[in-house]
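[1] sequence plus predicted model, see below.
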Amino acid sequence: MNIPPIGFSGLGISPQILAVLTKLQFSEPTPIQAKSIPVMLERKDMIGVAQTGTGKTLAFGIPLLQLSTHPGQKLVVLPTRELALQVYEVLEKIGKPLKVISAVLIGGESMYRQLQALKRQPQIIIATPGRLVDHLEQKTITLQRVDTVVLDEADRMLDMGFAPQLRRILSVVPTQRQTVLFSATMPENIVKIARQYMQLPIRVEIAQQGTPAERVSQELFFVDKPHKQLLLEKLLKQYTGTVLLFSRTKHGARKLNMLIKKWGHSSAEIHSNRTLAQRTKALQGFKSGQYRILVATDIAARGIDVKDISVVINYDLPDSPSDYVHRIGRTGRAGTTGHAITLATPEQKSDVLAIERLIRGPLPRAKHPDMPAATAVAMPQPVPAGVKQFTQDRKNNPPQFGRNSRRRSRPYRGDNNNREHGQWGGNPHNRGHHAPGDTHAQRPSARHVRSV
């Protein structure tokens, strides 16, 4: 039996799994794998923090496969369908020779097919939060046998609004269990989950939170908004390898994909408006080389693992600085080098500074030789004291009469006696606006009479 070098064999992994790893040409563990695997095999709760692209899937996948020889189910919860399918493929590749059965439960796929998979009594269940809760509500699954729970990209799940589903899932699994969190960042809301649902977790941190992948070179272009498409066209001609292009919105991704095709490039799009079949086809086409460019929203920031992506282009800045780290981590994976390009408008300088604070370093500025320089944004001039005071006075004491006062505002509400008679107070000659001294006995305008 061929055994890998001391790297994997010294982590307590069974000989059967070591043989499969050798066959699949996994020779040396990554740092997160070397530190996480022994902790998980000891059945301890753990928080794993590592850069994206450092092998977190095998870091929890190998222990789950080895622990599957014992009674009890293992549960892996992930934020996106793509990431769930990716983990399922990895575990199937290693687990099939070991006769470990896995099932994947994701939205957008036939419930009948998932029910058939559950009938096989899988040792490992891989699921997205929404679909898993659907099965719980329909009573098609029970989690009473689960003894290990892995929450991968837990911070992303909270960002996507899955907190209620996570609480529901963690409330129905047995309290005596092993709980493991993996992510590239560990914000305060994840720490709260750790305090509530974990018992003395061991923290395994390979890099500081927000640290970008070491082998990824970065570049920032400040460009006026009308010139962004022109710059993108020039960059796509300059970089001829595979390109992952990020848009902030799904509508923006669709428009960019159409534009890129007009330029003569082979491209596909992936976002939440696409069906599971369309997303799978686009991803497989990108992996196989059918499409050179994949236009995506942040659904792909942590949801795809494609080898040899030459360039990641942030056409739009992400909503969260942490998503920047995950985006550029799609290139430069598994020891290879990569490049990340970010486009920002001069108005977005504060967003760029937020990213630089997170990664603890400046983004190298660049200028394309065929592009005009970005126009600096003029800072607002201070308001003279006299004008400022006049503006404040007008705000505190708006005019009561005149042309400018005829705005539709809530009319003055009369006293309790008037309300009992179904009337609203106010000056009828002022169309609902009252002035000091008006009596509530005055007849209100018709549109201010409340029916009783």
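    Cool, got the structure.

[2] which one is residue 253 nearest to, not counting chain neighbours?
    Nearest residue to residue 253, sequence neighbours excluded (C-beta to C-beta, 6 or more residues apart in numbering): residue 247, at 4.0 Å. In short, each C-beta sits where N, CA and C put it, glycine included.

[3] from residue 257, how far off is the one you found?
    For residue 247, the distance to residue 257 equals 9 Å [C-beta to C-beta, to the nearest Å].

[4] common neighbours of those two, please.
    Shared contacts of residue 247 and residue 257 (C-beta atoms under 8 Å, 6 or more residues apart in numbering): residue 295.

[5] residue 327 contacts residue 355, doesn't it?
    No: between residue 327 and residue 355 there is no contact under C-beta atoms under 8 Å: 10.4 Å.

[6] could I get the phi/psi values of residue 293?
    Backbone torsions for residue 293, taken as degrees, to the nearest 10, come to phi -120, psi 130.

[7] oh, that last question was meant for residue 28, not what I typed.
    As for residue 28, its main-chain torsions (degrees, to the nearest 10) stand at phi -130, psi 130.

[8] with adjacent residues omitted, what lies nearest to it?
    In space, residue 28 comes closest to residue 7 once its chain neighbours are excluded; the distance is 4.4 Å by C-beta to C-beta, 6+ apart.

[9] domain parsing for the protein?
    Per automatic domain parsing, the structural domains of the chain span 6-205, 216-366, 385-448.

[10] and those as JSON lines, adding mean neighbour count, distance to residue 375 and mean pLDDT?
    Below are the domains of the chain laid out as JSON lines (neighbours: other C-beta atoms under 10 Å; distance: least, C-beta to C-beta, whole Å; pLDDT from 0 to 100):
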{"stretch": "domain 6-205", "mean neighbour count": "19", "distance to residue 375": "33", "mean pLDDT": "90"}
{"stretch": "domain 216-366", "mean neighbour count": "19", "distance to residue 375": "5", "mean pLDDT": "89"}
{"stretch": "domain 385-448", "mean neighbour count": "12", "distance to residue 375": "27", "mean pLDDT": "46"}
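
[11] residue 372 is nearest to which of these?
    Each of the domains of the chain has some distance to residue 372 by C-beta to C-beta; the shortest is domain 216-366, at 6.7 Å.

[12] what about the closest one, start to end distance?
    For domain 216-366, the first-to-last residue distance is 16 Å (C-alpha to C-alpha, to the nearest Å).

[13] centre of the chain versus it, how much separation?
    Computed by C-alpha atoms, centre = their mean, to the nearest Å, the chain-centroid distance of domain 216-366 equals 14 Å.

[14] in the stretch 51-200 of the chain, which spans are strands?
    Using DSSP state E, counting those that start in this stretch, the strands assigned to the stretch 51-200 of the chain run over residues 73-77, 102-105, 124-127, 146-152, 178-183.

[15] the longest one: how far from the chain's middle?
    Pointing back at strand 146-152 there. 20 Å.

[16] and stretch 167-186, by the same measure?
    Centre-to-centre, stretch 167-186 and its host chain are 19 Å apart (C-alpha atoms, centre = their mean).

[17] regarding it, how distant is the last residue from the first?
    Terminal residues of stretch 167-186 lie 18 Å apart, using C-alpha to C-alpha.

[18] give me the contacts around stretch 27-39.
    For stretch 27-39, the external contacting residues (C-beta under 8 Å, 6+ apart) are 4-5, 7-8, 11-13, 46, 48, 50, 54-56, 58-60, 62-63, 202, 204, 206.

[19] alpha carbons only: can I get that stretch in PDB?
    Coordinates of the C-alpha atoms in stretch 27-39 are reproduced here as PDB (Å, rounded to 0.1, in the frame of the first residue of the first chain):
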ATOM      1  CA  SER A  27       0.900  14.600  -1.000                       C
ATOM      2  CA  GLU A  28       1.300  17.400   1.500                       C
ATOM      3  CA  PRO A  29      -1.300  18.900   3.800                       C
ATOM      4  CA  THR A  30      -1.900  22.700   3.700                       C
ATOM      5  CA  PRO A  31      -1.300  24.500   7.100                       C
ATOM      6  CA  ILE A  32      -5.000  24.600   7.900                       C
ATOM      7  CA  GLN A  33      -5.300  20.900   7.100                       C
ATOM      8  CA  ALA A  34      -2.300  20.000   9.200                       C
ATOM      9  CA  LYS A  35      -3.700  21.900  12.300                       C
ATOM     10  CA  SER A  36      -7.400  21.100  11.900                       C
ATOM     11  CA  ILE A  37      -7.400  17.400  11.100                       C
ATOM     12  CA  PRO A  38      -5.900  16.200  14.500                       C
ATOM     13  CA  VAL A  39      -8.300  18.500  16.400                       C
END
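
[20] the residue nearest the centre of the chain and residue 363: what is the separation?
    Centroid-nearest residue in the chain, with C-alpha atoms, centre = their mean: residue 156, separated by 4.5 Å. Look at residue 156 and residue 363: by C-beta to C-beta, they are 22 Å apart.

[21] same thing with residue 104?
    Distance, residue 104 to residue 363, by C-beta to C-beta: 37 Å.

[22] now residue 245
    According to C-beta to C-beta, residue 245 stands 18 Å off from residue 363.

[23] over to residue 315?
    Per C-beta to C-beta, residue 315 is found 15 Å from residue 363.

[24] can you check residue 256 too?
    22 Å.

[25] then residue 239?
    Remark: distance between residue 239 and residue 363 (C-beta to C-beta) = 18 Å.

[26] and if you look at residue 44?
    Using C-beta to C-beta, we find residue 44 at a distance of 38 Å from residue 363.

[27] distance between the ends of stretch 293-306?
    12 Å.

[28] now do stretch 107-125
    End-to-end distance of stretch 107-125 (C-alpha to C-alpha): 14 Å.

[29] residue 151 and residue 258, how far apart?
    Noted for residue 151: a distance of 37 Å to residue 258, by C-beta to C-beta.

[30] redo the strands of the stretch 51-200 of the chain as a markdown table? Include distance to residue 21.
    Putting the strands of the stretch 51-200 of the chain into a markdown table (distance: least, C-beta to C-beta, whole Å) gives the following:
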| stretch | distance to residue 21 |
| --- | --- |
| strand 73-77 | 19 |
| strand 102-105 | 17 |
| strand 124-127 | 17 |
| strand 146-152 | 19 |
| strand 178-183 | 20 |
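
[31] can you check which of the ones you listed gets nearest to residue 134?
    strand 102-105 (8.4 Å).

[32] show me the contact partners of the closest one.
    84-85, 88, 91-92, 95, 114, 117-118, 120, 122-128, 131-132, 135, 141.

[33] repeat that for stretch 227-234.
    Contact with stretch 227-234 is made by 221, 223, 245, 256, 259, 263, 313, 315, 343, 345, 368, 370-372, 374, as judged by C-beta under 8 Å, 6+ apart.
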